[in-house]
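Novice: Structure of the sequence below:
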Amino acid sequence: MTAVRYRHRIQLRCWLLVTLLLALALPGLAATIQDDWQGVERIVAIGDIHGDYDNYMAVLKNAGVVNRRGRWAAGKTHVVQVGDIPDRGPDTLKIIEHLQKLEKQAEKAGGRLHLLIGNHEHMNITGDLRYVHPGEYEAFETRNSKQLRNNYYAYVVNTLEQQREALLASGGDASNLPVADDDFKRDWYAEHPLGFVEHRLAWQQGGELFEWIAAHNTVIRINDVLFLHGGLSAELLPLSITDINDRVRAELNREDFEGEPLGTADNGPLWYRGLARGDEAAERAALNSVLDHFGAKMIVLGHTPDLNAITPRFGGEVVIIDTGISAYYGGHLASLLIEDGAVTAIHGQHRLPLPKDTAEILPYFEALAAEMPENPRLLAHVEALSNPSIQSGTDGQTDTPRMERAPQSVE
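Specialist: Numbers count the residues shown, from 1 in each chain. Next up, the predicted model:
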């Protein structure tokens, strides 16, 4: 589907602007979607993309997923992208349009493209726009964008005045409401660039991108491997894979569900970093219980690009594939190949088998560091693994300036 068609459909729905921007649409119907596949011979997994089309395409080509023209070339392969397509870079809409075509091409060839929900998909749908790149708004601009933005501003001002009048009429205090003066207008327009309204229409409930994202899963199992964005905490047990997917989908659709929300929880599948950054000895029992509960031997995660390389932990039972593909994180191109039981890390043109046990972890990182001497994080990690008295590059690591937190923990 092209950007022109997106824009045409958005224009046809512009009369829904006020309702959608208020986010009061009626709940949708969340249907259970398949989340388990067995007997798959070849799997390619790709980490967070974050709005970088060129690097996204380079990773697909390096892994043999697409040909030079960007069309599906992987036959019956199952390709998993573990979430975080949007934010940080300008090309989100272009990437999504390509992925939508690729989904159909994969199915026609007997393969499958699994696109999982990450915390940034969830954030865009729920209105947490802290990391949206200006280019993501620009991609939605049309000749009607100025008028749409003006209409939205007029609605905001009118709503403020109605709230002020209601408060004063009831004897309330309206001093906390902003005054729609010239400074307010200037700041408001700066915070709502052209394309903002169309972007929100597409991502909010009832929008084109919302409907596409909400039809995807949060966690899937292929053979004996679990794939998801953030991590699986033992606190989520005894939920099943389907329970988790239905819960997150219900949250996005604003439907009733039992229990606490998972999409914004620190220990939820979109944000949890215990498997990626926690002390392995301390986390071992929890990992064992998770693997046993879900009938899996390996968990593949995105979300945490600490080493800018495919990172096996727990003797290879956990593999982090968020390497920072986007230029925002340095453009570290990588993917994971699982074929006939063998697991291989692909970094550019380099291919390296993943460790099968703890004894092979250090030799793996030593070989990787030799192939990627320009990566100081890898060199530091090798040193830490060689000398346990040095803090590891993942175990117990403190937050970096780019480390995100779940929305409820943001001050």
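
Novice: Show me the domain layout of the chain.
Specialist: Recorded structural domains for the chain (assignment: automatic domain parsing) are 3-24+130-209, 36-129+216-397.

Novice: residues in contact with H192?
Specialist: R149, Y152, Y153 (Cβ atoms under 8 Å, 6 or more residues apart in numbering). To be clear about C-beta, it is placed using only N, CA and C from the backbone, and glycine gets the same treatment.

Novice: And G70, by the same measure?
Specialist: For G70, the contacting residues are M57, L60, H98, taking Cβ under 8 Å, 6+ apart as the criterion.

Novice: isn't there a helix covering the first one?
Specialist: Yes - assigned with DSSP: H, G, I helix; E, B strand; the rest coil, M57 falls within a helix.

Novice: Please verify my assumption that it contacts R68.
Specialist: No - in this structure M57 lies outside contact range of R68 using Cβ atoms under 8 Å: 9.9 Å.

Novice: out of these two, which sits in the more crowded spot?
Specialist: A count of neighbours by other Cβ atoms under 10 Å puts M57 above the other of M57 and R68, at 18 against 8.

Novice: which SS class is the residue lying closest to the more buried one once chain neighbours are set aside?
Specialist: Nearest-residue entry for M57: G70, 6.3 Å, with adjacent residues in sequence omitted and distances by Cβ to Cβ, 6 or more residues apart in numbering. Using three-state DSSP, the secondary structure recorded for G70 is coil.

Novice: Can you check the pLDDT for G70?
Specialist: The model reports G70 with a pLDDT of 98.

Novice: Count the neighbours of Q81 for me.
Specialist: Around Q81 there are 29 residues (other Cβ under 10 Å).

Novice: Let me fix that, I meant to ask about A174.
Specialist: Counted with other Cβ under 10 Å, the neighbours of A174 add up to 15.

Novice: what do you get for I43?
Specialist: Residues contacting I43 under the criterion other Cβ under 10 Å number 22.

Novice: roughly how far apart are it and H114?
Specialist: I43 is 9 Å from H114, where distance means Cβ to Cβ, to the nearest Å.

Novice: quick one on the thing from earlier: distance to A202 added to the contacts of G70, as a markdown table?
Specialist: Converted to a markdown table, the contacts of G70 look like this (distance: Cβ to Cβ, whole Å):
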| residue | distance to A202 |
| --- | --- |
| M57 | 22 |
| L60 | 24 |
| H98 | 16 |
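
Novice: T304: which of these is nearest?
Specialist: L60 (21.9 Å; Cβ to Cβ).

Novice: For A345, give me the pLDDT.
Specialist: In this prediction, A345 has a pLDDT value of 98.

Novice: three-state assignment of it?
Specialist: The three-state label for A345, taken from three-state DSSP, comes out as strand.

Novice: Isn't it up against A334?
Specialist: Yes - counting by Cβ under 8 Å, a contact exists between A345 and A334, whose distance comes to 6.7 Å.

Novice: anything in contact with each of these two?
Specialist: Shared contacts of A345 and A334 (Cβ under 8 Å, 6+ apart): A309, I310.

Novice: Any chance of the backbone angles for the closest residue to R88 other than its chain neighbours?
Specialist: Nearest residue to R88, sequence neighbours excluded (Cβ to Cβ, 6+ apart): H50, at 3.7 Å. H50 adopts backbone torsions of phi 50, psi 60, taken as degrees, to the nearest 10.

Novice: Quick check: A250 vs L262, distance?
Specialist: With distances taken as Cβ to Cβ, A250 is found 10 Å from L262.

Novice: Looking at these two, which is more packed in?
Specialist: Each of A250 and L262 had its neighbours counted (other Cβ under 10 Å), and the higher figure belongs to L262 (24 against 20).

Novice: Quick one: residues contacting the closest residue to that one other than its chain neighbours.
Specialist: Nearest-residue entry for L262: G268, 4.0 Å, with adjacent residues in sequence omitted and distances by Cβ to Cβ, 6+ apart. Each residue near G268 by Cβ under 8 Å, 6+ apart is listed here: G230, S233, L236, P261, L262, A406.

Novice: nearest spatial neighbour of the third one, skipping sequence neighbours?
Specialist: Across the structure, with Cβ to Cβ, 6+ apart as the measure, the residue nearest L236 apart from its sequence neighbours is I244 (6.7 Å).

Novice: And the second one, by the same measure?
Specialist: Closest residue to S233 in three dimensions, ignoring its sequence neighbours and counting by Cβ to Cβ, 6+ apart: N267, at 4.2 Å.

Novice: The one you found contacts L237, correct?
Specialist: No - the pair formed by N267 and L237 falls short of the contact definition of Cβ under 8 Å, at 11.3 Å.

Novice: Have a look at these two and say which one is more surrounded.
Specialist: Under the neighbour definition other Cβ under 10 Å, N267 and L237 were set side by side, and N267 has more, 18 against 14.

Novice: Quickly note the distance from that one to E235.
Specialist: Between N267 and E235 the distance, using Cβ to Cβ, works out to 5 Å.

Novice: what do you get for Y329?
Specialist: For Y329, the distance to E235 (Cβ to Cβ) stands at 29 Å.

Novice: ok, the two, which is more surrounded?
Specialist: Neighbours were tallied for Y329 and for E235 using other Cβ under 10 Å; the higher tally belongs to Y329 (19 against 14).
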